[in-house]
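>>> Turn this into a structure:
(2 chains)
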Amino acid sequence: MTAVATPDARKAGRWLYVTSVVLLCAWVIVPLYFLLINTLSAPEDVQSYPKAFFPAFDMGSLSFFVTFNGMIDALLNSIMVAGLTMILSIAIGAPAGYALSRFDFRGKELFRLLILLTRAFPLPLLALPLAVMFIRTGLDDTIIGLALVHTTLAIPFAVLITFSLFSGIPMELEEAAWTLGCTRLTAFTKVVLPLILPGIAASAIFAFVISWNEVFAAAVLTIENRTLTAFLLVKLSEAPIHLKFAGGFILVLPALIFIFAVRKYLFAMWGIANR
Amino acid sequence: MAEIQIKNVAKKFGEYQALHDINLTISDREFMVLLGASGCGKTTLLRIICGLETATTGEVWIGGRRVDHLPPKDRGIAMVFQNYAVFPHLTVFENIGFGLRMQKLPNDEVTRRVERVAELMHIEMLLKRYSGELSGGQRQRVAVARALAMEPDVILMDEPLSNLDALLRMEMRAELKGVLAESNTTAVYVTHDQVEAMSMADRISVMHKGKIVQAASPIEVYRNPAAEFVAGFIGNPPMNFLPATATGNGQWRVAGQTFDGPDTEKTLKFAIRPEDMAPADTGLVAIAKVIEPLGAHLLVTCDVDGGMFRAVLDSDTTVKAGDRLTLAPQPDRVRWFDPETTLAVA
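Just a heads-up that it's a prediction; the model follows:
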C-alpha cells in the first residue's frame, strides 16, 4: 500500500495549512494594527472600547513628538549610531563573507558556527562588564562606543548575507576577469562589486535596522547622548498611554519599511544558514 | 610566436595526486586538444597553463618565457570558459572590450577591435544586448570573441562547446576551427568528446589518471593507440580485444585462428577496430547477438571465444541474431598490447 492521501485528508491538510498561515499573520499584524489605530486616535479614544476599525487620523499624539524636547537630538543620535554600525559591519563583515565563500582555510566550518555564537550571550549579561570597560576607556556615552556594540550584534548577519551573495557569483566570472588583465582587486571592483551592490545595500540596511531597534545597550551605555529607543524608553515610562502608543509607532515604522525593502536578501541568508 | 612547454608539472590537491610529472611541448600555432574522461586532470593542466592554478612542482614556459610564477594577466593568454563567464552587468560590446579597456587602449581602437571580432563571430547585431538576453550559443560566441579581441599568443578553451545542443555544437566546432586557424594563435582545447577532439585537433593528448598516455595526431591516436586505454577510449565503438597465445616464431593463436604478430615470449592481447573486419571464408568465428542498423553501417555485437566483440559491417550484409559469421581482420590493422604494461607492442 502506498500512502496516497484521501480527498478528506488532503482537505484537512489544506485547512490546517491555511489556518496556520492566518494565525501566524495575525500574530504579527494584529498588534501592529492596534498600534496604528491608537497612534492615529485622539488621546481620549485610546482607552475606549470597542475600537473603530478606521482610526480618526488625529495627529495630536504624533505632532506632540515633533516638538518634544530632546526628541530631535535622540533621533539624530539614532541615525548616527545606526549609520556608523552600518558602515562598520559591512566594512568588517563583507570581507569575511568573501573569504568564507572564496577561500578554503582551516576551521572554516567552525568559524561559520562561531559567528552565530556571538549572538548566544544575552546582552544584559554583557552590559555591565561592557559599561565598566567603556568607562575606563572613555567610550561610555559616545556615539562610537554604542556603534561598536551594535556592530558586534550586526556582524553575524552581515557575514552570512554577504557570504551567500558572494557564493551566488560564479567563480568563473572572477577568473575570466583575471585572464582579461585584472588583478584580484580590480576583478573585484569591476566585476564582483557591481553584481553584489544591491545585496550589499540590503545587508547594510539590515545592520541599520538592528542598531535602530536595539534598546538595551543603548539605555545602559548612554546617558546624555541617548538614541531614540533609549530616549523613548526612559521618557515614555512616565508618559500618558496615548504617547506611548505614538512613540512605539515611530520606532516600529522605519524598521518595518526597511525590512520589507530587503526581504529578498534576508531569505537568501536563511537559505544558506539552514544548510 | 608562442610555443608552450610544460616541464615536469605535477599537481597535488591535499593527498590526491591530480597530475603526475607532465611533460608536453605544444608548438606555435598548433591546435592541441587535451582529451580524457572527467577527473583525468585535463582541466587542471589547462588551469595551470592559464595561471588559475599553481603546479605543485614543475615549470610552464610560454613563448620562451617562464610564466609559472606570473598571474594570468601577464602570461599572454586568453581563456574561454565552459560556462562562458560572460559578465552579466555589461553589454556584449563592453564584454568583448573588457580586456582592451583594462589595457587602457584608446576608444577608437577598442571599437575597431570589438567590431572586427564581433563580425568574425557573427554577433555584430548583438553588441548592445546584455548576457541575460542571449541564448547559450550566442553567449558562447561572445566568450570566444572576448578572448580573440585580446589578440593573445595562446588561447585556452575549457570544454567550450559542452553546454550547447548537438546540432549547434557541430556548427560551432567547424566555425571555431576556422576562426582559430586564421587567428594564428596557439590553442589548447580541453574536451571529453572524442569526436570534437578528432575533428579539430592538430594533435591530441590523451590523458588518463593524471598522465598523458599519448600525444599524437588524431589519425595516429586512432590507428596506432600507444596503450590499451587509448584503444578502448578512442573510437565508437572502441577497439576489440582478444587473448592471444604465442606458438613461436611470431605466430599467435587467437580464438582458434593463427595470426602473424610480434616475436616475443610474453602473453599479449590481440586488438582490432570493429570496422577493420569483413566477412570471409576463413577468420574469427563469431555468433551474432545484437544487430543495430546505423544507416551507413551495421553494428553487430557478437560473441567470439566467449567474449564480447563488435564489428561494423556494410549495411547490405544480411545477418540476423544467432547467425554464425567468419570475420577476417585486415592484417595491417591488427594491433598487439602487453597486458602487464598495457602498452602497445610492435
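>>> what residues does chain A put near chain B?
For chain A, the residues in contact with chain B (Cβ under 8 Å from any Cβ of the partner chain) are A:170, A:172-173, A:175-183, A:186, A:190-191, A:194-195. C-beta coordinates here come from the backbone N, C-alpha and C atoms, glycine included.
>>> what's the pLDDT at residue 73?
Just going to use chain A. A:Asp73 carries a pLDDT value of 85.
>>> I was thinking of chain B, sorry if that wasn't clear
Among the per-residue scores, B:Lys73 shows a pLDDT of 92.
>>> quick one, what contacts it?
Counting by Cβ atoms under 8 Å, 6 or more residues apart in numbering or on different chains, B:Lys73 makes contact with A:Trp178, A:Thr179, A:Leu180, A:Gly181, A:Cys182, A:Thr183, B:Met102.
>>> Check A:Ile210 too.
A:Ile210 makes contacts with A:Thr85, A:His150, A:Leu153, A:Ala154, A:Phe157, as judged by Cβ under 8 Å, 6+ apart.
>>> Tell me how many other residues crowd the last one.
Spelled out, that is A:Phe157. Neighbourhood size, A:Phe157 [other Cβ atoms under 10 Å in any protein chain shown]: 22.
>>> And for the third one?
A:Leu153 has 19 neighbours, counted by other Cβ under 10 Å.
>>> In PyMOL, select just the buried ones from the residues of chain A next to chain B.
To isolate the buried members of these in PyMOL, using 16 or more other Cβ atoms under 10 Å in any protein chain shown:
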select buried, chain A and resi 172+173+175+176+177+178+179+180+181+182+190+191+195
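>>> Give me the helices and strands touching the lengthiest strand in chain B, please.
Under DSSP state E, the strand in chain B containing the largest number of residues is strand B:277-293. Counting contacts by 3 or more Cβ pairs under 8 Å, 6 or more residues apart in numbering or on different chains; DSSP states H and E, strand B:277-293 packs against strand B:257-260, strand B:297-304, strand B:307-314, strand B:324-329.
>>> Any chance of TSV for the ones you listed, columns mean neighbour count?
Below are the helices and strands packed on strand B:277-293 laid out as TSV (neighbours: other Cβ atoms under 10 Å in any protein chain shown):
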stretch	mean neighbour count
strand B:257-260	15
strand B:297-304	19
strand B:307-314	18
strand B:324-329	18
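>>> could you redo those as a markdown table and give each row mean pLDDT?
Supplementary listing: those in a markdown table, determined by pLDDT from 0 to 100:
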| stretch | mean pLDDT |
| --- | --- |
| strand B:257-260 | 88 |
| strand B:297-304 | 92 |
| strand B:307-314 | 91 |
| strand B:324-329 | 91 |
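>>> now for the ones you listed, which one comes closest to B:Val179?
Set against B:Val179 and scored by Cβ to Cβ, the helices and strands packed on strand B:277-293 come closest in strand B:297-304, at 32.4 Å.
>>> Name the residues that touch that closest one?
Applying Cβ under 8 Å, 6+ apart, the contact partners of strand B:297-304 are B:237, B:240, B:242, B:255, B:274-275, B:284-293, B:308-315, B:317, B:319, B:325.
>>> Stretch A:177-188 too?
The list of residues contacting stretch A:177-188 from outside it, by Cβ under 8 Å, 6+ apart, reads A:174, A:190-191, B:50-52, B:71-73, B:77-79, B:87, B:98-99, B:102-103, B:146, B:150.
>>> How far does that stretch stretch from one end to the other?
Terminal residues of stretch A:177-188 lie 9 Å apart, using Cα to Cα, to the nearest Å.
>>> Just the buried subset of the contacts of strand B:297-304, written out for PyMOL, thanks.
The buried residues among these can be selected in PyMOL (16+ other Cβ under 10 Å) with this line:
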select buried, chain B and resi 240+242+255+274+275+284+285+286+288+291+309+310+311+312+313+319+325
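>>> B:Leu19 is in contact with B:Pro11, correct?
Heads up, residue B:11 is Lys, not Pro. Yes. Between B:Lys11 and B:Leu19 there is a contact under Cβ atoms under 8 Å: 4.2 Å.
>>> Give the residues shared as contacts by the two.
By Cβ under 8 Å, 6+ apart, B:Lys11 and B:Leu19 have these common neighbours: B:Gly41, B:Thr44, B:Ile48, B:Ala55, B:Gly210.
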